[in-house]
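1. Kindly return the folded structure for what I paste below:
(2 chains)
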Amino acid sequence: MNGDRSTASVTTVAAPALAIGEVSAAPVTHRPSFWAILRRKPLGAASGALIVLLVLTAVFADVLAPYDPLETHPEIRLAAPSRVHLFGTDDIGRDVLSRIIYGSRISLWVGLLAVGIGTVAGMVIGLACGYFEGRIDLALQRLMDAVQAIPGLILALAIVSVLTPNTTNAMIAIAIVIVPGNSRIVRGAVLSAKQNRYVEAAQALGCRHLAILGRHILPNVTAPILIIASIWLGNAILIEATLSFLGVGTQPPTPSWGLMLSSTGRAFMEQAPWLAIFPGLAISLAVLAFNLFGDTLRDAWDPKLRRNG
Amino acid sequence: MYKYVLRRALLAVPVLVLSSLIVFGLMRVMPGDALTALMAESGNIGEKELAKVRKDLRLDLPYHQQYLIWVWQMVSLSPGDSLFTGEPIVVSLKKAIPVTLELTLLAMVLGVALAVPIGVLSATRQDTASDYAGRMVAVSGLSLPDFWLGTLVITFAAIWFHWIPPIGYTSFWDSPGRNLQQFLLPAAVLGFRLAAATMRMTRSTVLEVLREDYVRTAWAKGLAGRIVVYKHALKNALIPVVTVIGGQLGVLLAGAVVVETIFALPGMGRLTVEAIAYRDYPVVQTNVMLVAGTLVTLNLLVDMTYAWLDPRIRYQ
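-> Below is the predicted model:
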């Protein structure tokens, strides 16, 4: 959950930094193509397909959803799954399938934006820490330690409650939770990229800091950033669902998977278990897809983890 | 070793100070202070009374003084009273901490008991059906939301076995049987996530260790497979696993928030969620700080254990 921050950091912190060293030492042509990796990693390909499906569902929600997700039909409340309503209806007769289809928009939107903001902020801090080192590094990293000392979900809860609970604030909270781990990974990658001779050469030639960072160091850091971002996407979706479940994320009647589970799923779970099963399944599948995809990317980019590599 | 311990302990101090500043600052940016929200709920109260309560709670002091008073309260273990219930925070914590402690400890025992054997099995039978099954269990543990798992467990226990966990908290010392009935399911749900992370780590470290020279030597001198794996490989493979378990403590405490809410256990997590809902900020800042302090201390202990087990770390 969480805010699963520590797993992400424990299993991945060292890996991308290593990948940088190895990738930069080996000729670039040895890196297998994207498609070759997917062919060799069926699980990664399947998760990629699932992600594409998810994105398409979110984009074309209004075409795909058989009913209006907000339209109520009290006369058919708590109807079991049938041909007319594939996933059944909820306590005020709204179609569960349509709500799940629309819910994918909230999950993906919050996930993408939160990870985007968190990644960029973490990258800027990580670049500054790794490149300048010294006092800036010490101060910023201690600040990151301090943010990380508070468990992600609890920090997000506190932030959201301070800024009134809604989808946007949940997104901001998740972004803040993501920053420290990202900054640390980028910092590590920058420290190792700085060892390269061409960086030294650029410094000796008197290039400006910003030019060195942008032209020579950033390209070395993009692979780990992408990998971590893809792993974080799953977690961000999970945290958004958890916040909504606890009542401090997306507010009713907007369809959000976590909210669907808490508002109707729990209240009617014995009478109408489909209200709890389908939204949960949607969250799990989305998170699973991003976790597996992130794992595949990491394996592919990190020669040390690659089998027979 | 002493030098290392001292250095690590000193590094923890600024982290704690900064966390306390973050928590304190966060509670002060709340739109409209908590007091106004509280007063609005309790009916019409005049400006005078409001000013008096504000003074009693020292909300009229400048921020830096409020912060110093709060830090002193935390250090002297007297964090004041709840704004909402009026109960001293120490009293509510005394009731809530044992619940969360029991839940997380039980979750940890269940999680590790599940994770290590499966992780070893997965590694020793790499790329077989049992390895894939183990890895799928691990990945699903990281993907299934614990609030969903908790809801499903309660629902299906009720539908299939006509059994619901006893309501209302009973302490272990009053009735161990009833207490375990209340705690086993939530601990299992919470432990599953921990198990997933630990399983993955165990698998990868055992795989790594199995390729070491000394393990090859052990095979070469004709030792039985069991002895090679459990006596030679596992011992060394478990060191990083201990760190992962240490790193998962934060996840466990955060998970406790959700699991306690679902299973209606009156622990720290539920106390915090309720306090957040009522904007009871003395309780929120005390609880969050307590969690941060516990985690920083535990991580310090994990690091020290690690340094003690592996002398190379001390000299880095």
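2. Please enumerate the helices of the chain.
-> Using chain A here. Shown for chain A, the helices assigned by DSSP state H span residues A:5-12, A:14-25, A:34-40, A:42-59, A:61-64, A:96-132, A:134-149, A:152-162, A:167-193, A:197-204, A:209-211, A:218-245, A:257-260, A:274-301.
3. nope, chain B
-> Counting by DSSP H, the helices of chain B are B:2-28, B:34-41, B:47-56, B:63-75, B:89-124, B:129-143, B:146-161, B:176-210, B:213-220, B:225-227, B:234-247, B:249-263, B:268-277, B:281-309.
4. what about residue B:50, how many neighbours?
-> Per other CB atoms under 10 Å in any protein chain shown, the neighbour tally for residue B:50 reads 14. Yep, even glycine has a C-beta here, placed from its N, CA and C like the rest.
5. what's the spacing between it and chain A?
-> Computed as CB to the nearest CB, to the nearest Å, the residue B:50 to chain A distance reads 21 Å.
6. Quick one, grab the pLDDT at that residue.
-> With respect to pLDDT, residue B:50 has a value of 71.
7. CA-only coordinates of stretch A:170-186, as CSV, when you get a sec.
-> Output in CSV follows, covering the C-alpha atoms of stretch A:170-186 (Å, rounded to 0.1, in the frame of the first residue of the first chain):
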residue,chain,number,x,y,z
ALA,A,170,-5.2,13.2,-2.8
MET,A,171,-3.0,13.6,-5.9
ILE,A,172,-0.8,16.3,-4.4
ALA,A,173,-0.4,14.1,-1.2
ILE,A,174,0.6,11.1,-3.2
ALA,A,175,3.1,13.2,-5.2
ILE,A,176,4.7,14.4,-2.0
VAL,A,177,5.0,10.8,-0.7
ILE,A,178,6.8,9.8,-4.0
VAL,A,179,9.4,12.6,-3.9
PRO,A,180,12.0,11.3,-1.4
GLY,A,181,12.5,7.9,-2.8
ASN,A,182,12.8,9.2,-6.3
SER,A,183,15.2,11.9,-5.3
ARG,A,184,17.4,9.3,-3.7
ILE,A,185,17.5,7.1,-6.8
VAL,A,186,18.2,10.0,-9.1
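8. Now it: average pLDDT?
-> Mean predicted confidence for stretch A:170-186 is 92.
9. ok, which residues in the stretch 101-250 of chain A are in contact with chain B?
-> Within the stretch 101-250 of chain A, the positions near chain B by CB under 8 Å from any CB of the partner chain are A:142-143, A:145-147, A:149-155, A:157-159, A:161-164, A:234, A:238, A:241-242, A:245-248.
10. quick one: low-confidence ranges for the chain?
-> Looking at chain A here, since you left the chain open. With pLDDT under 70 as the threshold, chain A has low-confidence stretches at A:1-34, A:37-38, A:302-309.
11. sorry, should have said chain B
-> B:30-46, B:53, B:312-316.
12. Next up, the contacts around the spatially most central residue of it.
-> For chain B, residue B:253 is the residue whose C-alpha lies nearest the centre (CA atoms, centre = their mean; 2.2 Å). Shown in contact with residue B:253 (CB atoms under 8 Å, 6 or more residues apart in numbering or on different chains): A:151, A:154, B:100, B:104, B:268, B:269, B:291, B:294, B:295.
13. Look up the closest residue to the closest residue to chain B within the stretch 201-309 of chain A, ignoring the ones flanking it.
-> Nearest residue of the stretch 201-309 of chain A to chain B (CB to the nearest CB) works out as residue A:280 at 3.4 Å. Spatial nearest neighbour of residue A:280, chain neighbours left out: residue B:148 (3.4 Å); criterion: CB to CB, 6 or more residues apart in numbering or on different chains.
14. try residue B:122
-> residue B:134 (3.8 Å).
15. How about residue A:234?
-> Nearest one to residue A:234, counting by CB to CB, 6+ apart, is residue A:290 at 3.4 Å.
16. measure the one you found to residue A:284 for me?
-> 11 Å (CB to CB, to the nearest Å).
17. got it, and residue B:119?
-> 22 Å.
18. before we move on, the earlier item: give the contact list for the residue nearest to residue B:122.
-> If you count contacts by CB under 8 Å, 6+ apart, residue B:134 has them with B:118, B:119, B:121, B:122, B:199, B:203.
19. now these as a markdown table including neighbour count?
-> Conversion of these to a markdown table gives the following (neighbours: other CB atoms under 10 Å in any protein chain shown):
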| residue | neighbour count |
| --- | --- |
| B:118 | 23 |
| B:119 | 29 |
| B:121 | 19 |
| B:122 | 26 |
| B:199 | 30 |
| B:203 | 25 |
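20. residues in contact with the residue of the stretch 201-309 of chain A closest to chain B?
-> A:257, A:261, A:265, B:144, B:145, B:148, B:151, B:152.
21. picking that back up, so for residue A:290 and residue A:284, which residue has more residues nearby?
-> The neighbour comparison of residue A:290 against residue A:284 (other CB under 10 Å) goes to residue A:290, with 27 against 19.
22. doesn't residue A:238 make contact with the more buried one?
-> No: taking contacts as CB atoms under 8 Å, residue A:290 lies outside contact range of residue A:238: 9.3 Å.
23. What's the local residue count around residue 52?
-> No chain specified, so I'll use chain A. For residue A:52, using other CB under 10 Å, the count is 11.
24. um, chain B though
-> Quick note: residue B:52 (other CB under 10 Å) scores 12 neighbours.
25. where's residue A:209 relative to residue B:83, distance?
-> Distance from residue A:209 to residue B:83, by CB to CB: 49 Å.
26. These two: which is more packed in?
-> Per other CB under 10 Å, whichever of residue A:209 and residue B:83 has more neighbours is residue B:83, with 20 against 12.
27. show me the contacts for residue A:165.
-> So residue A:165 contacts A:243, A:247, A:248, A:249, A:251 (CB under 8 Å, 6+ apart).
28. mind listing what the last one touches?
-> The contact partners of residue A:251, by CB under 8 Å, 6+ apart, come to A:165, A:166, A:167, A:259.
29. measure residue B:170 to chain A for me?
-> 23 Å.
30. so that residue makes contact with residue B:177?
-> No: using CB under 8 Å, residue B:170 is not in contact with residue B:177; the gap is 9.1 Å.
31. Comparing those two, which shows the higher neighbour count?
-> residue B:170 (16 against 10).
32. mind checking how far the closest residue to the more buried one other than its chain neighbours is from residue B:102?
-> With sequence-adjacent residues excluded and distances taken as CB to CB, 6+ apart, residue B:170 is closest to residue B:178, at 4.6 Å. As judged by CB to CB, residue B:178 and residue B:102 stand 13 Å apart.
33. Residues of the stretch 1-150 of chain B that sit close to chain A?
-> Residues of the stretch 1-150 of chain B lying near chain A (CB under 8 Å from any CB): B:14-19, B:21-23, B:26-27, B:29-31, B:139-140, B:142-148.
34. Ramachandran angles for residue A:94?
-> Residue A:94 adopts backbone torsions of phi -90, psi 150, taken as degrees, to the nearest 10.
35. what's it in contact with, if anything?
-> A:67, A:69, A:70, A:71, A:72, A:73.
36. rerun that using 10 Å as the cut-off
-> Residues in contact with residue A:94, defined by CB atoms under 10 Å, 6 or more residues apart in numbering or on different chains, are A:67-73, A:76-77, A:85, A:253, A:255, A:260, A:264.
37. now, which of those residues lie close to chain B?
-> When contact is defined as CB under 10 Å from any CB of the partner chain, the contacts of residue A:94 do not meet chain B at all.
38. I'd like the residues you listed as a markdown table, with neighbour count and distance to residue B:229 appended.
-> Output for the contacts of residue A:94, formatted as a markdown table (neighbours: other CB atoms under 10 Å in any protein chain shown; distance: CB to CB, whole Å):
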| residue | neighbour count | distance to residue B:229 |
| --- | --- | --- |
| A:67 | 18 | 56 |
| A:68 | 13 | 59 |
| A:69 | 21 | 53 |
| A:70 | 12 | 57 |
| A:71 | 11 | 60 |
| A:72 | 15 | 60 |
| A:73 | 14 | 60 |
| A:76 | 16 | 58 |
| A:77 | 15 | 57 |
| A:85 | 22 | 53 |
| A:253 | 13 | 55 |
| A:255 | 24 | 50 |
| A:260 | 28 | 46 |
| A:264 | 23 | 49 |
